[in-house]
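Enquirer: after the sequence you'll find the predicted model.
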Amino acid sequence: MGGKTKNQRIYSANPNDYKLLEEVGYGATATVFRAIYLPSNEVVAVKCLDLDRCNSNLDDIRREAQTMILIDHPNVVRAYCSFVVGRNLWVVMPFMAEGSCLHLMKIAYPDGFEEAAIGSILKETLKALDYLHRQGHIHRDVKAGNILLDTNGVIKLADFGVSACMFDTGERQRIRNTFVGTPCWMAPEVLQPGSGYNSKADIWSFGITALELAHGHAPFSKYPPMKVLLMTIQNAPPGLDYDRDKKFSKSFKEMVAMCLVKDQAKRPTAEKLLKHSFFKHAKSPELSVKKLFTDLPPLWNRVKALQLKDAAQLALKKMPSAEQEAISQSEYQRGVSAWNFDIEDLKAQASLVRDDDDDDGPEMREEGKGMKYVVSEKDSIDFQTSFGKLNLNYELAQPEYRGRTSGEETPQANVLNRKGKVVESDLLESGCQEKVGWRKNGSSTEASSSMSEKDMVQAKTKTQTLKSRQTQSGPLMPGAVLSHSVSERVRISERTELELQPSTDKAFLQVRRAPSFSGPLMLPNRASANSLSAPIKSTGGYRDSLDDRSKANLVQIRGRFSVTSENLDLVKDIPLSTVPRRSTQGSPLRKSASVGEWIFDSKQAPINQSPKEFSNGNLPASLLMPHLQHLFMQTTTQQDLIMNLLYSMQPAEVADATQNGKLPPLPRSSENNGTIETVASERERLLLLKISELQFRTVNLCEELTAEKLKYIQLQQQLNAVSGQEENGDRREGDA
Ligand SMILES: Nc1ncnc2c1ncn2[C@@H]1O[C@H](COP(=O)(O)OP(=O)(O)OP(=O)(O)O)[C@@H](O)[C@H]1O
């Protein structure tokens, strides 16, 4: 898809016309390069999207790219053209020389920007959203990482990787009832399957982005994604409410609060929000934003420095010992397992979290997340949540892809000064490492070194290894990509490298392979390879994440859910406050393997109740009440469980289960056109049926229980009678 821009410049679809220079960014699915468009000698950005890593099919991706080409707004990054190169889609865009707000914060403003700059950045972003919403688009990935800055202060919203058209109907709209976005920035309604969402989801993400720009990180960003999702649903919306936020104006706080309302209907439209006093008084970006990057080195050096910093930190501070790694891994697994199975526990945890915990050290933030949740040799994790399947993409290392065209120095070995002149020296040797953190303090720039001498040695080792690796792989001709997929090459080379390289190098690779919590969370549509009803992937699927104990207890893995016998024992999950204490301590009621069938275990009857008590007329009620309450709780818990399971099942699975007689028949809708609304109402009816069935079963169980108790009492009475007769006999013998 070659294309023309507004000023009629034509950009060819021939990869040989583009000379890829430095890597200036990377995301979950793409690596972005500064490049020269050779026919006009113009600097552009080329985003190389790894199609293997996208959950959409090629047609969808092409359509997205086409949408980007049609976009025409000063605050939206448009695509000049796009074309397929091997297993990659190249999207040619204007080069935004100062990169994203996220990178800028990471490198120089770890605690966020000042309010004036935030106002300008948000206003320009909101203009972009207003335009997109008017055009019928939902961006769905609004965040600081997608707000790009140019040297002249121009601000643009980028990344249509997950955008959706609001006016689409049918299949595409059904797909939209899926999780797409980035966990910390995702609106609560996006997490509710079946409820659907609209452009107001962008307004929520916009509010979260405002907090991100104010604090340097998004709320909840230190938590694992599954916890973030739960906290978004359950906690009060985050805001600018704490001591640290005193410096911000009332109107800023008010604007953020307007965006972060859980009820999407109560959130303002972008158009309305633009009229808010906070934006009316916003300064021009020329005045407030341009100064943010004076004194900073060029973008590619910042990106490189960030990569090295991450690698060195990971290698030296975060690269855990075998033991720590095991703990970390088990924590990770626990998180995944907990998300799947112990929702109550997670709810309790989430409720204990204080929002002001977000003030924790930078190691808890985005950089740190990748370190804690490193899972090597895995490209993605499929979280099987009670709400649906979440595919957590990882950032992918593409070290070999950073090369330039034939005969050029590799970017890793080049340090360019602000004028763009190539300085032939290693980043580390040049002393650039001293500025790994260009922390800006007010107007002055402090060159702070966050790497120790040891860091340097390790990082240098890394750099040298990178160089030699590039020598081995040779310079990259854009055309050469056609012959061998980047992802393939990377996977092969990474596997070999992980086996052969010292830990530092592994660490570097893992930094890039760590879960990208800033990347999109995607629930692929069923037509895609990652079908919801497909068996759980062994690589990274939660099945792997179950610990041995859980595996041993595995009763059933069906579709996207696994049920363990441990989880079936819901008794222990009942809150102590709501259930009589006795019933939580070794209840005589035990669940059989099939959910809903209860067995009374007389061995476990409360030991402090003597047989005599059973013959007492009051006792059956006092004994039964806890169990009846217990049963009631169980039923409620089961209902919740079933509701979660049903909500997470795809219609096809429900229909399948119905046909197999595993679930009551699905009520047929005469107008079942496959829309999500119909599916939702069908599920609701199915659920009501299930609830009635459970209630019926509960009553039956109570009756059975009462009958058993009566039998027990009768036996006790018979026993008493027999022992009474024996006693009388003994006495008579004694008297005689
Ligand atoms: N036109 C551009 N000019 C300069 N830098 C860019 C440009 N486009 C993207 N970048 C940089 O590259 C990074 C990754 O790009 P992008 O967000 O498009 O990739 P992605 O894989 O879609 O990311 P994700 O899905 O994780 O948000 C951006 O955060 C930004 O720093």
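Expert: In hand now; what should we look at? What you see is a predicted model; the values in this text were computed from it and never measured.
Enquirer: for the stretch 101-250 of the chain, which residues are neighbours of the ligand?
Expert: Proximity of the stretch 101-250 of the chain to the ligand, by CB under 6 Å from any ligand atom, involves residues His103, Asp141, Gly145, Asn146, Leu148, Ala158, Asp159, Gly161. C-beta: built from backbone N, CA, C; applies to glycine.
Enquirer: ok, these vs Ala707, which is closest?
Expert: Comparing those against Ala707 with CB to CB places Asp141 closest, at 59.8 Å.
Enquirer: and that closest one, helix, strand or coil?
Expert: At Asp141 the chain is in coil, as set by DSSP: H, G, I helix; E, B strand; the rest coil.
Enquirer: which pLDDT value goes with it?
Expert: Model confidence at Asp141, expressed as pLDDT, equals 87.
Enquirer: next, it: phi, psi?
Expert: Dihedral angles of Asp141 (phi, psi; degrees, to the nearest 10) stand at phi -150, psi 50.
Enquirer: mind listing the helices for the stretch 101-250 of the chain?
Expert: Residue ranges of the helices in the stretch 101-250 of the chain, as given by DSSP state H, counting those that start in this stretch, are 101-108, 115-134, 170-176, 200-215, 225-234, 250-259.
Enquirer: adding distance to Arg685 and mean neighbour count, write these out as TSV.
Expert: Below are those laid out as TSV (distance: least, CB to CB, whole Å; neighbours: other CB atoms under 10 Å):
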stretch	distance to Arg685	mean neighbour count
helix 101-108	45	24
helix 115-134	34	22
helix 170-176	19	16
helix 200-215	28	26
helix 225-234	24	22
helix 250-259	36	18
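Enquirer: nearest to Glu726, of those?
Expert: That would be helix 225-234 among the helices of the stretch 101-250 of the chain, by CB to CB, at 62.3 Å.
Enquirer: what's the closest one packed up against?
Expert: Counting contacts by 3 or more CB pairs under 8 Å, 6 or more residues apart in numbering; DSSP states H and E, helix 225-234 is packed against helix 322-341, helix 343-352, strand 389-393.
Enquirer: what stretches of this structure score poorly on pLDDT?
Expert: Along the chain, the parts satisfying pLDDT under 70 run over 1-8, 54-57, 60, 64, 160-182, 193-195, 316-680, 736.
Enquirer: give me every residue in it lying close to the ligand.
Expert: 24-30, 32, 45, 47, 77, 93, 95-96, 99-100, 103, 141, 145-146, 148, 158-159, 161, 516, 518-520.
Enquirer: quick one: end-to-end length of stretch 235-248, please.
Expert: One end of stretch 235-248 sits 23 Å from the other (CA to CA, to the nearest Å).
Enquirer: list the buried residues of it.
Expert: If you call a residue buried by 16 or more other CB atoms under 10 Å, then stretch 235-248 has these buried ones: Asn235, Pro237, Pro238, Gly239, Leu240, Asp245, Phe248.
Enquirer: quick check: phi and psi at the last one.
Expert: Here the main-chain torsion angles of Phe248 (degrees, to the nearest 10) amount to phi -90, psi 150.
Enquirer: same thing with the second one?
Expert: Main-chain dihedrals, Pro237, degrees, to the nearest 10: phi -60, psi 150.
Enquirer: begin at 53, not 1, for the rest of this chat.
Expert: Noted, 53 is the first residue going forward, which turns the last one into Pro289.
Enquirer: run a quick neighbour tally on the spatially closest residue to it that is not a sequence neighbour.
Expert: Setting aside the residues directly before and after it, Pro289 is nearest to Leu312 in space (CB to CB, 6 or more residues apart in numbering), at 3.9 Å. If you count neighbours by other CB atoms under 10 Å, Leu312 ends up with 24.
Enquirer: ok, Asp111 to Leu184 distance?
Expert: Separation of Asp111 from Leu184 (CB to CB, to the nearest Å): 21 Å.
Enquirer: ok, now Arg749?
Expert: In this view, Arg749 and Leu184 are 51 Å apart by CB to CB.
Enquirer: same question, Val751
Expert: According to CB to CB, Val751 stands 55 Å off from Leu184.
Enquirer: try His328
Expert: From His328 to Leu184 the distance is 19 Å (CB to CB).
Enquirer: now Ile88
Expert: Using CB to CB, Ile88 is found at 30 Å from Leu184.
Enquirer: next: Ala322.
Expert: If you measure Ala322 against Leu184 using CB to CB, the figure is 8 Å.
Enquirer: what sits in contact with each of these two?
Expert: Common neighbours of Ala322 and Leu184, counting by CB atoms under 8 Å, 6 or more residues apart in numbering, are Asp254.
Enquirer: tell me the secondary structure for Val98?
Expert: strand.
Enquirer: quick one, phi psi at the residue lying closest to it once chain neighbours are set aside?
Expert: Excluding the flanking residues, the one nearest Val98 by CB to CB, 6+ apart is Ala87, at 4.4 Å. Dihedral angles of Ala87 (phi, psi; degrees, to the nearest 10) stand at phi -150, psi 160.
Enquirer: wouldn't Ala87 be in contact with Leu72 here?
Expert: Yes. Using CB atoms under 8 Å, Ala87 is in contact with Leu72, at 5.0 Å.
Enquirer: count of neighbours near Thr119?
Expert: The number of residues near Thr119, taken as other CB under 10 Å, comes to 18.
Enquirer: for it, which three-state class applies?
Expert: Look at Thr119: counting by three-state DSSP, its state is helix.
Enquirer: one more: Phe135?
Expert: Classification of Phe135 by three-state DSSP places it in strand.
Enquirer: pull up the gap between it and Val129, please.
Expert: Phe135 is 18 Å from Val129, where distance means CB to CB.
Enquirer: any idea how far the residue of the stretch 253-402 of the chain found nearest the ligand lies from Lys343?
Expert: In the stretch 253-402 of the chain, the residue that lies nearest the ligand is Leu351 (6.7 Å; CB to the nearest ligand atom). Computed as CB to CB, the Leu351 to Lys343 distance reads 17 Å.
Enquirer: swap in Ala270?
Expert: Applying CB to CB, the value for Ala270 to Lys343 is 24 Å.
Enquirer: look at these two and report which has more neighbours.
Expert: Using other CB under 10 Å, the more surrounded residue of Ala270 and Lys343 is Ala270, with 28 against 14.
Enquirer: the closest residue to the more buried one other than its chain neighbours: how many residues sit nearby?
Expert: Leaving aside its chain neighbours, Ala270 sits nearest to Cys236 (3.9 Å; criterion: CB to CB, 6+ apart). Cys236: 28 surrounding residues under other CB under 10 Å.
Enquirer: what of Gly776?
Expert: Other residues near Gly776 come to 10 when the count uses other CB under 10 Å.
Enquirer: which elements pack onto the helix or strand it falls within?
Expert: Here Gly776, judged by DSSP states H and E, is contained in helix 728-787. With contacts defined as 3+ CB pairs under 8 Å, 6+ apart, the packing partners of helix 728-787 are strand 650-652, helix 663-667, helix 671-700, helix 703-711.
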